[in-house]
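> let's see this in three dimensions:
(3 chains)
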Amino acid sequence: MKILRKTLFRLIFILPLIGLASSLHAQSDPTGESPATRTFAITNATIIQAPGKMMEEATIVITDGLITAIGKNVNIPSDAEVLDGTDMFIYPGFIDGMANTGADRPESPERPDNLFTPDPPNYYAGITPENQVVEQIKVDENSIEAMRKVGFTISHTVPYGRMLPGSGALILLRDADHPDKLILSEGSSLYSQFSGAPGAYPGNTLGIMAKFRNLYRNAELSKSHSELYASNPTGIARPTRDRVSEAFYPVIEKKQPIFYNASNSLEARRAMRLQKELGFNLVLGNLQEGWDLADEIKSTGTKVFMSLELPKEPKDSKEEDKSDEVKRLEERRMEFYKKYVTQYAQLQQAGIKFGFSSIDARANDLKNNLLTIIENGLSEDEALAALTTNAAALLGISNMAGTLDEGKIGNLVVSKGPYFDKESQIKYVFVDGVKYEYDLKTGARKAEDGEANPAGMQALIGTWSYEFTTPQGTQTGKMIFTNESGMLSGIMTSSDGTPDVDLQNISFLNNELTFDFSIDAGGQSIDIVVEGVVDGTSYEAEASVAAFNVSFPIQATKDEA
Amino acid sequence: MIKTSSLFILFLCVSALHAQTKKGDVLIKNGTVITITDGTLENTDVLVRNGKIDRIGKNLKAPNGVEEVDATGKFVMPGIIDAHSHIAGTSINEGTSQVTAEVSMEDVVDPLDVSIYRALAGGVTSIHLMHGSANVIGGQNETLKLRWGSTNPDDLRFEGAPRTIKFALGENPTRGGRSRGIQPQSRMGVEAMLRNTFSDAVKYRDAWNEYRSNKSSRKVAPEYSLRMETMVDILEGEVLVHCHSYRADEIYMLMKVFSDFGIERLTFQHANEAYKVAPELAEFGASASVFADWWAYKLEVYYSTAYNAAILTKNGVNTSINSDSGELIRHLFHEAAKTQKYGDLSDNEALALITLNPAKQLGIDNRVGSLEKGKDADIAIFDSHPLSIYAVPQMTFVDGVKYFDIENDVADQRIYIDPESTVENVQIFYADDHDKCMEGANVVNFYDLFNNK
Amino acid sequence: MKKFISILSVLVLLPLFAVAQNDGGIVRADNSKFALTNAKIYTVTNGVIEKGTIIINNGIIEAVGANINIPGDAQVIDYSGQEIYPGMIDSGTRLGLSEIGSISEANDFREFGEITPNMQALTAVNPNSVAIPVTRVSGVTSALTMPAGGPLPGTAATISLFGYTPDQMYAGSKGVVMNFPSSAQRGWRRRTPEQIEKARERAQETINDAFDKAELYAKIKESDAARYYPEMEALAKVVTGEVLLYIEVNSAKDITSALEWVEERGYKNVVLTGVAEGWRVADEIAKSGFPVITGPVLSTPTRGSDAYDTAYKNPGLMQKAGIKVALRTMDTENSRNLPYNAGFAATYGMGREEALKAITINAAEIMGVGDELGSIEVGKKANIFVSTGDPFQTSTKILDVFIDGYKIPMTSRHTELYDEFLNRTPGLNKNATKVDG
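Numbering: from 1, shown residues only, chains lettered A, B, ... in the order given. Next up is the predicted model:
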């Protein structure tokens, strides 16, 4: 049996790799970028094969993308690149349960002329369950490298969009020349979220819940109809092609789960409510408020990927004479912060085997957040399980990933020092048997992204005249950047009398200037993000309005001092 | 419709799973008991067993283990019912289309809203969480009991309450039409849209009835529409309509439309000019749920009178007074008292405006709205007569469980706290801001967004 | 006065529908000499007279007391069993400035611009606003009517709720309104603490610049060469203390800042308005000696973490700390709810007597017209109302209202519609003969 499975494996995964390898062999590589060998051996390392299963002074061998040997007395193949694993700790590659990693946010859908109908076009309403995430994946998306750098090797990537953006896929976070080569499996999920269409139906949770039910019921009817027709078309009205309904068929057959992005507890309950009414298999992703939901999750058998995003730890006021009221309120706030950080341990103790999802988190925060979660009661083994075995089980890939065992995909995290030590650093990540090496940092910390660089700031300081082009015309005004004790500060004025706005999160690095601001539109605060490049005294950028999923060009030139 | 829709049955199953909300036992001793349906009884006790009123009488003894509350010198009345509220909802308007009968406030119940506790502290025990008034046929509403403290929205549902839906006439839906360049832009268009939609529903019902009566195994179902399912449920009387309305002409119009489609139960919300067609309302049997004294905030309420509730009551129209506001809901007893200044209603008539009458409008008068044996023990206790300006609510019970007690009132009632919030987050109350009926309905368009308006 | 009457006879007081009790007739205000007898009189400043008389002549209270000689030419009204109070003063409204809330053309309380202290609310008061009779028949006889908008939106005026021109209504007090830079949220819009702080700092700068200029202008304005600068002229009067400065400020933190700001600048003629979180810093306010206009009392608490009744308790807590407190509805069409705002304040700690002062004498004194309004005293303006009892009590009826000595018709849009529609004719059937019931 085991042999059979192994054989199947080879058939499914190795054959394409061989094809890949041979295509590489078909010509030389004048770039010098391709590896000299696809066989690696890391020796004398501490290997954590699976949570709680550790081997010291051991060796692991990866050949052609698969783990081929692991143990104390292992023959090192002659063509292997041997890496010294002294002081190194090797873990199974981490698995991200729900993310947009690798996907490129598509252009916002164009606003249709007739927006205000009960049933606006699906593309605008965000009802595109027939879409596949692979259509959005770009091999050079920055997020792939960003997530790999922190140890993630497989991502359940879901598409960008609104209510029903499409189906997700499992992708390997490796380099490739075509998105297809990243795909581990497609159709892993039908992805769903509580995001309404700007100004159109369904505009918010109310419409989304109703629309979901309506789509699901019609898909059931459409499925019966198609089956009836397929069995014998005579006398039956020919079903019209309905790709939206068809996308639900595997969900109705319970061959595909619905992944619901449910960050807060009310959203999670809503998703579970739909599940109870309609009966599909549900996975909650991005759950950030789960401490009151353990019973509900268990009784419904809902699968969960907890978010790796955490709130910032509240800072109590330093004032000495603060009132009892302030002290009490600070205590309560801290009590809730604790709920966020301890819920992982609590849910684990309640017997819920969750994985992690990164969709709302920044890659650079993930390790710190994991350490915080561990400080607050989740054991390192359980955290590792959530990153590896639990995630693999929840995604149905335990037979190919999640542990370091012979025959599994060569996905490894190699860290100097135990990974869960604060000071540890990742030295190598192997994805699909491909080695990625990282420099170990020593001594002084480098400036982090987002911090202003005082030396370069001068190019920006001053007044800029901007022009902002929207479908409704052009708006002009001034942007004024100042240096406030080493931090960039700025305001934006408008020549039409709109009140000034403050620029937030100003970042100016390597001539890339980004900032955001919000404006008041009819009592609603709209956030606008501006990203672009400064070239001398000119600035070319794009301003995007996330709420509407649109962007517009913005140009500015620096005024003479 | 279509015999109860399968969805509805599923809803029932879902709520059955959750129905185990807390029920209390208590003996309220020696109060002045305002029953609403059976007079006001001095020095009387109310015994509550397992969430229901077990006995009302004198010298009742507390069964073993049942808490006793001394109400000597205090006034005991049925819990207040607000027939028009927008507290405890995470969204209010799905205002993106003129007919959204399929959406339901039951999906957006927010048990974490501190306004719930503040309403309890004003003696309120049930609210009608309504969809907004941006569209002609808005969403379904949800009747709630204010079981504060749970994080599960299901715990707040008024189990067994009839389904209701929001309609809206006049300025709000026509404003939507005008800003978008579609119908309706006038009260003519509103009527046409109502008639068109009901006519569609009749066709939809016929199509499904035909499908259901077809005995063939090889039949194909018509398209399913949750929107039309709800419209059919209205036609069948299973969903009660609560219609946002102001002017007498539009109120009259809707009664005619409903007569034509055979729909019998109807409550007009706000209905500032209902007094002008009080005889017609009485004859139709329609109810009105009104403000005590709000007017002049828009053109269609300019010709209003604070005597509205009194005129309606005296013309035999079942009338309630509602809040539509997280502020007013805290003193509905005072709002009801204004009908004594404006129209000389009796104590009992005035208090019925916020208890039994709204209960009837919501179809829950078999459960709440008066103090009677067998009814739910939803009770408010005041230190003086609730219509007095000097009355302070003391305790509020839902199903015999005490959710507010002025003696044990904790200031900070928040159930969830955002750890990233500042401790001193101050929100100043402005009366202009608190008409939430249109919240979220003002769809921001690009023109507004990039033009300084 | 003759002229006044002639204007009165030309202008129609209350048009509209035929009123039941005087079909076809027009009720006019009456400024005879009045003797109001046998009433329980709440003078506010000199206790309660159990059974007393008030003589009104020429718009003034000529006599008040238990044993008063009734002049032969006086119209005697026997108010046995009734109570008389000084007319209530609403210390914050938009009466006369706003007719229909949602229609911008019907609103005149907001002018374009940030620094517009020269904008005069009094100019835009519509004496025939439908809300005015609705308000005064409830016993509210005077109101502060205020402009709104930017940091310095304009000059508010105290008005009598009777008269046919703004000047006939003007009650002798004006004050520049200033919205102190706020660190609080308002409305549905959510802003980050950083955004609020930035906006607050900028508004503070704007205000400081304006007052720096105003202080300079106050010094040079007598010079012939001084430029025409109406904005600064208006502010200069604040600097010199000629007119009041109403500082709208609400959160505890902002109140503290406002008090510091005033102290730094040395302005004396200052009133704090709003003051929703005054109870948190009541001692500081008391120490400053500045009076407070607060309300609406019927408000939600300012913080999610606050007790449900903080807004009800706020006036009482401030008053007990030694602050002179007046109340406002900050409403327009429902300024008539002033006594109920006072009633809630009374119930939640202020007590009935102090709450009554807060809508009468305190209000008058704060606005600088304490010698003319706010109590029943000889020589004061005859602004009074007669009620069936405690005016805070919701069921109490207001029987008569006198403003500036005029006995006001007790009708308004609301009463007229009641009279017309209680028993509508025709009823259901237009062709049926009306049977009197």
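
> alpha carbons only for contacts and neighbour counts from here, please
Noted.

> state the phi and psi torsions of B:Gln140.
phi -80, psi 150 (degrees, to the nearest 10).

> quick check: residues of the stretch 201-350 of chain B near chain A?
For the stretch 201-350 of chain B, the residues in contact with chain A (Cα under 8 Å from any Cα of the partner chain) are B:Arg218, B:Lys219, B:Val220, B:Ala221, B:Glu223, B:Tyr224, B:Ser225, B:Leu226.

> so B:Thr96, which state does it fall into?
Three-state call for B:Thr96 (DSSP: H, G, I helix; E, B strand; the rest coil): coil.

> state the distance from the residue of the stretch 1-150 of chain C found nearest chain B to chain A.
Residue nearest to chain B within the stretch 1-150 of chain C (Cα to the nearest Cα): C:Gly101, separated by 4.1 Å. According to Cα to the nearest Cα, to the nearest Å, C:Gly101 and chain A sit 17 Å apart.

> for the residue sitting nearest the centre point of chain A, which non-adjacent residue is spatially closest?
A centroid search over chain A (Cα atoms, centre = their mean) returns A:Ala99, at 2.4 Å, as the residue closest to the centre. Setting aside the residues directly before and after it, A:Ala99 is nearest to A:Ile359 in space (Cα to Cα, 6 or more residues apart in numbering or on different chains), at 4.2 Å.

> okay, the closest residue to C:Asp371 other than its chain neighbours: pLDDT?
The shortest distance from C:Asp371 to any non-neighbouring residue, by Cα to Cα, 6+ apart, is to C:Lys380 (6.6 Å). We have a pLDDT of 98 for C:Lys380.

> how many residues are close by C:Lys380?
21 (other Cα atoms under 10 Å in any protein chain shown).

> dihedrals phi and psi, it?
According to degrees, to the nearest 10, C:Lys380 has phi -80, psi 160.

> ok, now which ones touch it?
The contact partners of C:Lys380, taken as Cα atoms under 8 Å, 6 or more residues apart in numbering or on different chains, are C:Ile60, C:Ile61, C:Asp371, C:Glu372, C:Leu373.

> now do the contacts for the fourth one.
Going back to what we said before, that points to C:Glu372. Counted by Cα under 8 Å, 6+ apart, C:Glu372 has contacts C:Ala364, C:Gly379, C:Lys380, C:Lys381.

> and the stretch 201-350 of chain A, which of its residues are near chain C?
Counting by Cα under 8 Å from any Cα, the stretch 201-350 of chain A sits next to chain C at A:Leu329.

> B:Asp107 belongs to a helix?
Yes: counting by three-state DSSP, B:Asp107 is located in a helix.

> I'd say it and A:Leu206 touch.
Yes: taking Cα atoms under 8 Å as the definition, B:Asp107 is a contact partner of A:Leu206 at 6.5 Å.

> measure stretch B:231-239 end to end?
9 Å (Cα to Cα, to the nearest Å).

> picking up where we left off before, now, of the residues of the stretch 201-350 of chain B next to chain A, which are buried?
The neighbour count (16 or more other Cα atoms under 10 Å in any protein chain shown) marks B:Val220, B:Ala221, B:Tyr224, B:Ser225, B:Leu226 as buried among these.

> in strands, which of these fall?
Among those, no member falls in strands (DSSP state E).

> of these, list those near chain C.
Restricting those to those near chain C - Cα under 8 Å from any Cα - leaves none.

> now, those that are in helices?
Under the assignment DSSP state H, these contribute B:Leu226 to helices.

> adding pLDDT, write the buried ones among the residues of the stretch 201-350 of chain B next to chain A out as JSON lines.
Formatted as JSON lines, those follow (pLDDT from 0 to 100):
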{"residue": "B:Val220", "pLDDT": "94"}
{"residue": "B:Ala221", "pLDDT": "95"}
{"residue": "B:Tyr224", "pLDDT": "97"}
{"residue": "B:Ser225", "pLDDT": "97"}
{"residue": "B:Leu226", "pLDDT": "97"}
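
> nearest to chain C among the buried ones among the residues of the stretch 201-350 of chain B next to chain A?
Checking these one by one against chain C (Cα to the nearest Cα), the nearest turns out to be B:Leu226, at 31.4 Å.

> just for the stretch 151-300 of chain C, where's the confidence low?
For the stretch 151-300 of chain C, the stretches with pLDDT under 70 are C:187-190.

> strands of that one, start to end?
Under the criterion DSSP state E, counting those that start in this stretch, the stretch 151-300 of chain C contains strands at C:154-160, C:170-179, C:185-186, C:244-249, C:270-274, C:292-294.

> surely the residue nearest to the centre of chain A and A:Val158 touch.
Yes: the pair A:Ala99 and A:Val158 qualifies as a contact (Cα under 8 Å) at a distance of 6.0 Å.

> show me where the chain has helices.
Here I'm looking at chain A. A:2-9, A:15-25, A:122-125, A:142-149, A:205-231, A:243-252, A:265-278, A:294-300, A:324-349, A:366-375, A:380-387, A:389-395, A:454-457.

> nope, chain B
Remark: helices assigned in chain B by DSSP H are B:6-18, B:115-120, B:171-180, B:187-213, B:226-235, B:248-261, B:278-284, B:308-314, B:332-341, B:347-352, B:356-361, B:446-450.

> so does the third one get close to chain A?
Yes: using Cα under 8 Å from any Cα, helix B:171-180 comes into contact with chain A via B:Arg180.

> pLDDT (mean, whole number) over that helix?
Rounded mean pLDDT across helix B:171-180 is 89.

> for the residue nearest to B:His331 when sequence neighbours are not counted, give me its contacts.
Leaving aside its chain neighbours, B:His331 sits nearest to B:Gly122 (5.5 Å; criterion: Cα to Cα, 6+ apart). Going by Cα under 8 Å, 6+ apart, B:Gly122 touches B:Ile329, B:Arg330, B:His331, B:Leu332, B:Phe333, B:Pro393.

> what about 10 Å?
B:Gly122 makes contact with B:79-80, B:116, B:328-334, B:380-382, B:392-396, B:404, C:308-309 under the criterion Cα atoms under 10 Å, 6 or more residues apart in numbering or on different chains.

> distance check, it against chain A.
For B:Gly122 relative to chain A (Cα to the nearest Cα), the value is 24 Å.

> what is the helix ranked longest in chain C packed up against?
Ranked by residue count and defined by DSSP H, the top helix of chain C is helix C:193-220. In terms of contacts (3 or more Cα pairs under 10 Å, 6 or more residues apart in numbering or on different chains; DSSP states H and E), helix C:193-220 is packed against strand A:501-509, strand C:170-179, helix C:230-239, helix C:252-265.

> give me the neighbour count for A:Ile491.
Around A:Ile491 there are 17 residues (other Cα under 10 Å).
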